[in-house]
Structures are given as C-alpha cells and as structure tokens.
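> Mind folding the following:
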Amino acid sequence: MEYKLDRNIHSFLDPRTKLLLLFTSSVFVVGNAGEAWMIWFYWMLVYLPVILLFAEREWITGLVSIAIYIGSYFAQRELQHDLTAFESMLALMLYIITKILPTVILARYIVKSTKVSEFLTAMNRMHVSDKLTIPISVIFRFFPTVLEESKAINDAMRMRGIEMGANKATEAVEYRMVPLIASCSIIGEELSAAAMTRGLDVGKRRSCIWNIRFRFPDWIIILFCLTCFIWWGIGRFFV
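Numbering: from 1, shown residues only. Purely as a prediction, here's the structure:
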C-alpha cells in the first residue's frame, strides 16, 4: 500500500511550478528579454521571490534582499554619466547584482522549500531521465551541507583565536578556505554515495509518501509565467 502525506503547509508550490518560475525569471530578469515591453512583468518577477520567502517565513532574508536590491538599483542609476574607471567598475557590479539577485533569491527559495523526495517524484511524473535528476538531487543537499560545514569551520577558527580581522588576514582566509575546499570534495562523494544507497539509480519507478499535485497557487503562478511568454511573443512578432 502506498501512503500519501500532504506537503509542508508553508511550501505551497509544486516543484514543477518552482522550476517553471525559475526559468521565467532567468529569461526576463537575467536575460532582460522584451526590455521595455516587459517592464511590468519584469518588476513582478523581481519582487515575487521575496513574497515567496515571506510565505516561507524567511522574514530577515526577504527584507535584506529587498534592501540590497533597492540600494543597488538606485546606486546604479546615480552612476550613469562621466564615470571614472572605478565608478564604471562599480556601476557594472551593481548592474549585475540587480539582474542576478532576484533569480538567486528564487533559487534559494526553491532549495530551501523543496524536499529531495518531492523533487524526484515531480521529475518522475515529467518522465525526466535519472541521469539529470540524480545530479540535481545531490545539488539540493550539497549547498546546505557546505553552508553548515562552513559555519563549523568558522566556529573552530574562532575558538583558536583566528579572526578575519586579525593582522594576518591571509592566514585567516587560508585557515577557512583550505578546510572548506577539502570538505567540499568529501561532501560531494558522500552525497553521491548516499544517493546510490537509496536506490536512486535503479532505473525503476519509485514510490513516494509525498502527495505531489498542482494546487490553486500553482495554477496562478503557471498562468502568470505563460502570460509573460505570450505577452513577450506579442511584442516580438506583432508590435
């Protein structure tokens, strides 16, 4: 008998919807497709990831993201004419931040709110090959694990009196980066072994306790994404 459980009440989007939204954000925010024609959809895609973070009760992360984006946007607008070499580099960096940050926030939301089993079940229903889903499932656990390892290394360095503000700053970086790089290789191997141990590469259909299905919020997001592409197509071919 196959049991089904409802997903976390705060993670109200299906993994397939999240991936569609990520693709849409990559096209119209990072790629800036449509430019002025898509301006209203552009701003909705910029702030939608923050709304999703708030839905996950990530209040601090959402507020910090808004502050960074607004600060970078207006600072970049101030640096437009008669720039020095340093100001040109700063303006370019701020421009890149305003283009990439919303999609990075959305990717963080996806990793934070999606369980690996949910993701695998959603991909199986889309008949996506295991050659693609297994590496992505490893990535889902890789970054959170590396973040935890980085915090542990920082705590260990502070216990030994090695701070980033110390006189030997290069040694402080070395004492953190070298262990972290070594840990990354070990973490990757361990996560790959864990995926194989769970039978993710058996090539057969697997059961899942999570009840993956499209709900009302999913249809709203899907309709929004399709509207973005339709409106972009109208502007490209008919205007």
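
> Quote the end-to-end distance of stretch 77-96.
In stretch 77-96, first residue to last residue: 13 Å (CA to CA, to the nearest Å).

> residues in contact with it?
Residues from elsewhere that reach stretch 77-96, judged by CB atoms under 8 Å, 6 or more residues apart in numbering: Ser72, Tyr73, Ala75, Gln76. In short, each C-beta sits where N, CA and C put it, glycine included.

> For the third one, the count of nearby residues, please.
Think Ala75. 15 (other CB atoms under 10 Å).

> what's near enough to touch it?
Leu94.

> Val128 belongs to a helix, doesn't it?
No. Counting by DSSP: H, G, I helix; E, B strand; the rest coil, Val128 is not found in a helix; it is coil.

> Look up phi and psi at it.
Here is the backbone geometry of Val128 (degrees, to the nearest 10): phi -80, psi 140.

> what's the following helix or strand after the host helix or strand of Leu94?
Secondary structure from DSSP states H and E places Leu94 in helix 85-113. Sequence order places helix 116-125 as the next helix or strand after helix 85-113, per DSSP H and E.

> Report the rounded mean pLDDT for that following helix.
Helix 116-125 carries an average pLDDT of 80.

> tell me the angle that helix makes with helix 85-113.
Helix 116-125 and helix 85-113 meet at an angle of 90 degrees, taking axes from the mean of the first three to the mean of the last three CA atoms, to 10 degrees as the criterion.

> May I see the buried residues of the following helix or strand past helix 116-125?
Going down the chain from helix 116-125, the next helix or strand is helix 130-159, by DSSP H and E. Neighbour-count burial for helix 130-159 flags 130, 133-134, 137-138, 140-142, 145, 149-150, 153-154, 157 (criterion: 16 or more other CB atoms under 10 Å).

> again with stretch 226-239
Cys228, Phe229, Trp231, Trp232.

> Convert the C-alpha atoms of that stretch to PDB, please.
Output of stretch 226-239 as PDB, limited to C-alpha atoms (Å, rounded to 0.1, in the frame of the first residue of the first chain):
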ATOM      1  CA  LEU A 226       2.600  31.700 -19.500                       C
ATOM      2  CA  THR A 227       1.200  35.200 -19.700                       C
ATOM      3  CA  CYS A 228       4.800  36.500 -19.600                       C
ATOM      4  CA  PHE A 229       5.800  34.400 -22.600                       C
ATOM      5  CA  ILE A 230       2.600  35.200 -24.500                       C
ATOM      6  CA  TRP A 231       3.000  39.000 -23.900                       C
ATOM      7  CA  TRP A 232       6.700  38.800 -24.900                       C
ATOM      8  CA  GLY A 233       5.700  36.900 -28.100                       C
ATOM      9  CA  ILE A 234       3.100  39.600 -28.900                       C
ATOM     10  CA  GLY A 235       5.700  42.300 -28.500                       C
ATOM     11  CA  ARG A 236       8.200  40.500 -30.600                       C
ATOM     12  CA  PHE A 237       6.100  39.400 -33.500                       C
ATOM     13  CA  PHE A 238       3.100  41.700 -33.700                       C
ATOM     14  CA  VAL A 239       4.300  45.100 -32.500                       C
END
